[in-house]
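Engineer: here is a sequence with its predicted model. Questions after.
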Amino acid sequence: MSRSPYLSSAPSVSVIMLKVLLALLPGIAAYVWVYGGGILISLALASLTALLAEAAVLRLRQRPVLPFLMDGSAIVTAWLLALALPPLAPWWLVVVGTLFAIVVAKQLYGGLGYNPFNPAMIGYAALLISFPVLMTQWPSPLALAKVSLSFADQWHYIFTRSLPLNVPVDAISSATPLDYLKTQLVLQQSVSDIRNTPIFGWLGGRGSELVALATLLGGLYLLHQRIISWHIPLAFLATLTLLSAAFHLLAPELHASPQFHLFSGGAMLCAFFIATDPVSGPTTPLAKLVFAAGIGVLTYVIRVFGGYPDGIAFAVILMNICVPLLDAYTQPRVFGHEK
Amino acid sequence: MNALVNLAKLFKFNGGVHPPQHKQASTTQPIRVLQANLPLVLPLRQHVGNIPHLRVQVGEHVLKGQLLAEAEGGISAAIHAPTSGTITAIQDALIPHPSGLPDRCVTLQPDGLDEWTALTPIDWQHMEKRAVVASLRQSGIVGLGGAAFPTHIKLRSDGRSGIHTLVINAAECEPYITCDDMVMRERAADILRGIAITQHLLGAERCLIGIEDNKPEAAAALRAACHAADSSAQVIVVPTIYPSGDARRLIHVLTGLEIPSHQRSVDVGVQCFNVATVLAIYRYMSFGEPALSRIVTVTGNVARPGNFEVPLGMPVSALLEAAGGVLEDTSEFIMGGPMMGFSLPSPEVPVTKATNCIIASTPSLFPPAAPAMPCIRCARCADACPVSLQPQELYWFAKSDNFDKARDYKLFDCIECGCCSYVCPSNIPLVQYYRYAKSEIIAQDRAKEAANLARERNDFRLMRIEREKQERALKHAQKAAGAKAEASKIEPGKAEPSKAESGVQHAADPAVNVAASPASAQAEAAKKAAIAAAIARAKAQKAAQAAQNTAAVTPAVAAEMAAIDARRAEAAARAANINKDDVAEAAAATHVADQDSTTSPASAQTVSSVAPNSKEPS
């Protein structure tokens, strides 16, 4: 008899997911501008794989298929993974990563709401461990490439791995700024010399910094729409800034500047779209701050001292492990109770 | 907007929500007074506490204001006749309750004369406060904000002192409800008189009237009344945010005081009354008029929404009729507001003291909830919770029946305001989960208590059975030994009852009849051994039984039982000690084989305490 409250104000899960996808569009547009339309193929491939995989597993688990496909969470996972992969990655790499993310990291744990780890980052980490060469082969931004591929060429390259005649792989790909910085530092180059090479731009890598800026824009939209709270983006970016600034001030020739760290790699995507995943993240405000600061520290450590070019995925997964503990130890004071 | 200017500093609570108000529709017309012309159905239970004691019979004619049922026990409230007429039935009928279950009701057929009984105003200014409050006990007045807690209890001083602040709850934070708003607009002066009485009875130095800023007319009326009455009461306008009308929240907003979870507002020196309740107190004190009617908002899908002064017991359907009747598509009727109200089992249920609002609902007004999706831990509920709980964790614990954890996470501080469900993107009926968990925990606690009681009783029963068995075994042994002794040693000397001084001995009477010889040291020893053996055997039997039946008994209880058994065995041995020697000899021959012949009461205790390992002697 009692079903109060009779009112509801909430946007549905689908609307939330839809807004997340909407917020990713500026970043995607920048991607297309910088690297060409190949990323759209990856996004479509990942989305299709995610939906099919989700439907298949839901059917096997005898759960209602349509409501869960409509919630949009599978597509969000697919897009985040596709945006984290190299833009011209072979089609099967995208498919395998998405399958792993949806089937293993999400559905095998119970589907929406039950996955302890960020599915996109699990998919990414699985690929990085299994196919390290492919995962670090990034195309040069169109403005820097010796040869620029048309959309048709990129399509061919993604599906057949074949390039137009007379175009060597080296002509279209290069090391990422993070990767290049790391290898050059090992060769005793100073940061300022390294940053004078053409692949570096005003903030981070030439071209890729645009993608980061556009992603930041989308992230601000999510904040404005109250889809995410400020705690995680701020704590993550602040930690990354403080750490890199400290090292940069101590040894400017050995450590890149804070703005380079903020606008390189997946930092912006992580701050607003990956670390903010509610399901695998903490819920109390304090836990969110600690969680995001942890990701910031781990990201910096893996970037600077670790063996991988970027540390986002492992940082997020490692902090996902801490979530139950963080939540348990940061319970806010309940009204009328002593702390 | 002069009425909205505050001088007082206000405090905030966590969260809260801003549901659409929908209060305009029912505030366009003044309060309309309805006459009782249909049979009135008065549930005996209209309040928190004991059912009042019925004072009338079927067929009796009663006058308006006459006592029908008087308050009984500590927390209870009286019921009076809202008009004059005849009691036509006292039976179970549907009442406005979420359970939809019927309860005992008095049916009053009005005679249309509306003839008053003699009323006696209370001379509250000169009477002793205790006597004034005692008189309120039979006024039938309860909290009219919806909680329906008997008012006289809240005014009792109970030897406690130091209520410094009277808070008047005029927040009316639920959407749609406007009954307090209209009362304040129209009867502000009487409310101020009620406040003066209440403040006097409580001995409170100050009075704060908390009113949400969506009721500027009411706030202005109150301020004008304060000015006119030269009252020191402060009208404090608070921001409109649900659930600021929750007493603990309102007290916090107005005073900054946070009432500890396990205490009441009086423990921090504050008492809180609804604005309509103080009006009822005034009418009782000044005119002797008990609780006979209340103001009810009728709104939603009706032709002419508004507020009505309704005699208690009037069917909701008559009220809807008075509001111009329900319009098409009306699917259900909600009592209370849309955040905490419930669907009425039928529009024929009566208006009670707790009925503040009736909303005729349509599927478009309050659409059925969409199917619930899994929780995505977005924590919007935690942001909205006015008690700073973690609803997403409570939901998880309630769903998995992890009640201990739910309690740890302060489930019982939940006020069921519905903010969490209101903001949940997964449409999870969170409040229902919490209600379920609370009722399960309460049921479990009761069951645990009952089980403890039952276990104690069972332990005692087992002990008693064992004692009886032991006594039987002893008797049996003595009997058998006696028989044998008689058979083997035919002694001419008959029983010597001289030593049978103990009353306990009568239990072993048959043995006494057996022939006995003069006691010798040797026979004495043999006799003792035989008795000890019998006891040990009984112990071992008990032990085997204990191993089967009371394996779960805690060591402490086991030790206690063993001690009791030992004492009992000692007593039995003492009793047996005075038996005839021959008994002993024969008993020794029969039973001593499987036990150490020197077993003492002390070692009998040992046997019983190593119970699970002892073997049943054959």
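Structural biologist: Sure, I can see it.

Engineer: and chain A, which residues reach chain B?
Structural biologist: Within reach of chain B by Cβ under 8 Å from any Cβ of the partner chain, chain A has these residues: A:1-13, A:15-16, A:67, A:71, A:73, A:111-114, A:229, A:278-279, A:281, A:283-284, A:327, A:331-337. All C-beta atoms are positioned from the backbone trio N, CA, C, and that covers glycine.

Engineer: please tell me how far A:A105 sits from chain B.
Structural biologist: 15 Å (Cβ to the nearest Cβ, to the nearest Å).

Engineer: how far does stretch A:154-166 sit from its chain's centre?
Structural biologist: Centre-to-centre, stretch A:154-166 and its host chain are 26 Å apart (Cα atoms, centre = their mean, to the nearest Å).

Engineer: quick one: residues contacting the nearest residue to B:A69 once chain neighbours are set aside.
Structural biologist: Distances taken as Cβ to Cβ, 6 or more residues apart in numbering or on different chains place B:P52 nearest to B:A69, at 3.7 Å, with adjacent residues excluded. Applying Cβ atoms under 8 Å, 6 or more residues apart in numbering or on different chains to B:P52 gives the contacts B:44, B:69-72, B:76-79.

Engineer: next, format those as CSV and append secondary structure, neighbour count and pLDDT.
Structural biologist: Listed next are those as CSV, based on DSSP: H, G, I helix; E, B strand; the rest coil; neighbours: other Cβ atoms under 10 Å in any protein chain shown; pLDDT from 0 to 100:
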residue, secondary structure, neighbour count, pLDDT
B:L44, coil, 21, 93
B:A69, strand, 22, 94
B:E70, strand, 17, 92
B:A71, coil, 25, 91
B:E72, coil, 15, 88
B:S76, strand, 23, 91
B:A77, coil, 34, 92
B:A78, coil, 25, 93
B:I79, strand, 31, 95
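
Engineer: between the residues you listed, which sits nearest chain A?
Structural biologist: Each of the contacts of B:P52 was checked against chain A using Cβ to the nearest Cβ; the closest is B:L44, at 20.8 Å.

Engineer: list the contacts of that closest one.
Structural biologist: B:L44 sits next to B:51-52, B:54, B:69, B:79, B:103-106 when contact means Cβ under 8 Å, 6+ apart.

Engineer: B:A71 now?
Structural biologist: B:50, B:52-53, B:77-78, B:137-138, B:150, B:152.

Engineer: now for these, which pair is the farthest apart?
Structural biologist: B:H53 and B:H152 (15.9 Å; Cβ to Cβ).

Engineer: who has more neighbours, those two?
Structural biologist: Between B:H53 and B:H152, counted using other Cβ atoms under 10 Å in any protein chain shown, B:H152 has the larger neighbour count: 24 against 13.

Engineer: give me the subset of the contacts of B:A71 lying in strands.
Structural biologist: B:H53 (DSSP state E).

Engineer: can you redo the contacts of B:A71 as CSV with distance to B:S265?
Structural biologist: Shown next, in CSV, are those (distance: Cβ to Cβ, whole Å):
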residue, distance to B:S265
B:N50, 23
B:P52, 26
B:H53, 30
B:A77, 20
B:A78, 25
B:R137, 21
B:Q138, 25
B:P150, 16
B:H152, 16
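
Engineer: what is the nearest of the contacts of B:A71 to B:G482?
Structural biologist: Closest to B:G482, out of all of the contacts of B:A71 and judged by Cβ to Cβ, is B:N50, at 63.7 Å.

Engineer: now the closest one, which residues is it bridged with?
Structural biologist: Counting by DSSP bridges, B:N50 forms beta bridges with B:S76.

Engineer: wait, it touches B:E72, no?
Structural biologist: Yes. The pair B:N50 and B:E72 qualifies as a contact (Cβ atoms under 8 Å) at a distance of 5.2 Å.

Engineer: nearest residue to residue 140 in space, please, no chain neighbours.
Structural biologist: Going with chain A. In space, A:S140 is closest to A:S174, 4.3 Å off (Cβ to Cβ, 6+ apart).

Engineer: meant chain B, my bad for not saying
Structural biologist: Once flanking residues are discounted, B:G140 sits nearest to B:A291: 3.9 Å by Cβ to Cβ, 6+ apart.

Engineer: so what pLDDT did the one you found get?
Structural biologist: Per-residue confidence (pLDDT) for B:A291: 94.

Engineer: so it touches B:A81, yeah?
Structural biologist: No. With contact defined as Cβ under 8 Å, B:A291 does not count as touching B:A81 (11.4 Å).

Engineer: those two: who's more crowded?
Structural biologist: For B:A291 and B:A81, the more surrounded residue by other Cβ under 10 Å is B:A81, and the numbers stand at 30 against 25.

Engineer: report pLDDT for the closest residue in space to that one that isn't next to it in sequence.
Structural biologist: Nearest in space to B:A81, with sequence neighbours left out and distances taken as Cβ to Cβ, 6+ apart, is B:V62 at 4.3 Å. Note on B:V62: pLDDT of 95.

Engineer: now swap in B:S244 and tell me
Structural biologist: pLDDT, B:S244: 94.

Engineer: wait, is it part of a helix?
Structural biologist: No. Under DSSP: H, G, I helix; E, B strand; the rest coil, B:S244 sits outside any helix and is assigned coil.

Engineer: would you map the strands across the stretch 301-450 of chain B?
Structural biologist: Taking DSSP state E, counting those that start in this stretch to define them, one finds strands in the stretch 301-450 of chain B at B:306-311, B:332-335, B:342-343, B:357-361.

Engineer: okay, now the domains of chain B?
Structural biologist: What automatic domain parsing lists as the domains of chain B is B:1-30+B:120-288, B:372-466.

Engineer: need the helix or strand of chain B with the lowest average pLDDT.
Structural biologist: Using mean pLDDT, DSSP states H and E, the weakest-scoring helix or strand in chain B turns out to be helix B:601-609, at a mean of 38.

Engineer: which stretches of the stretch 1-150 of chain A form helices?
Structural biologist: A:13-35, A:38-60, A:65-70, A:73-84, A:91-99, A:119-130, A:132-135 (DSSP state H, counting those that start in this stretch).

Engineer: return the most buried member of the ones you listed.
Structural biologist: helix A:73-84 (a mean of 26; mean count of other Cβ atoms under 10 Å in any protein chain shown).

Engineer: could I get the CA-only coordinates of that one as CSV?
Structural biologist: C-alpha atoms of helix A:73-84 as CSV (Å, rounded to 0.1, in the frame of the first residue of the first chain):
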residue,chain,number,x,y,z
SER,A,73,26.6,1.7,-19.9
ALA,A,74,28.0,-0.8,-22.4
ILE,A,75,28.5,1.9,-25.0
VAL,A,76,30.2,4.2,-22.4
THR,A,77,32.7,1.4,-21.6
ALA,A,78,33.2,0.8,-25.3
TRP,A,79,33.9,4.4,-26.1
LEU,A,80,36.3,4.9,-23.2
LEU,A,81,38.2,1.8,-24.3
ALA,A,82,38.3,2.9,-27.9
LEU,A,83,39.5,6.4,-26.9
ALA,A,84,42.3,4.8,-24.8
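
Engineer: which one's the longest helix in chain B?
Structural biologist: Ranked by residue count and defined by DSSP state H, the top helix of chain B is helix B:430-488.

Engineer: what is that helix packed up against?
Structural biologist: Counting contacts by 3 or more Cβ pairs under 8 Å, 6 or more residues apart in numbering or on different chains; DSSP states H and E, helix B:430-488 is packed against helix B:391-399, helix B:403-408, helix B:419-423, helix B:509-512, helix B:521-549, helix B:555-577, helix B:581-591.

Engineer: from the chain's centroid, how far away is that helix?
Structural biologist: The chain centre lies 30 Å from the centre of helix B:430-488; the measure is Cα atoms, centre = their mean.

Engineer: what angle separates it from helix B:391-399?
Structural biologist: With axes from the mean of the first three to the mean of the last three Cα atoms, to 10 degrees as the basis, helix B:430-488 and helix B:391-399 are set at 40 degrees to each other.

Engineer: burial measure for B:E449, as a count.
Structural biologist: 10.

Engineer: tell me the pLDDT at it?
Structural biologist: At B:E449, the model reports a pLDDT of 92.
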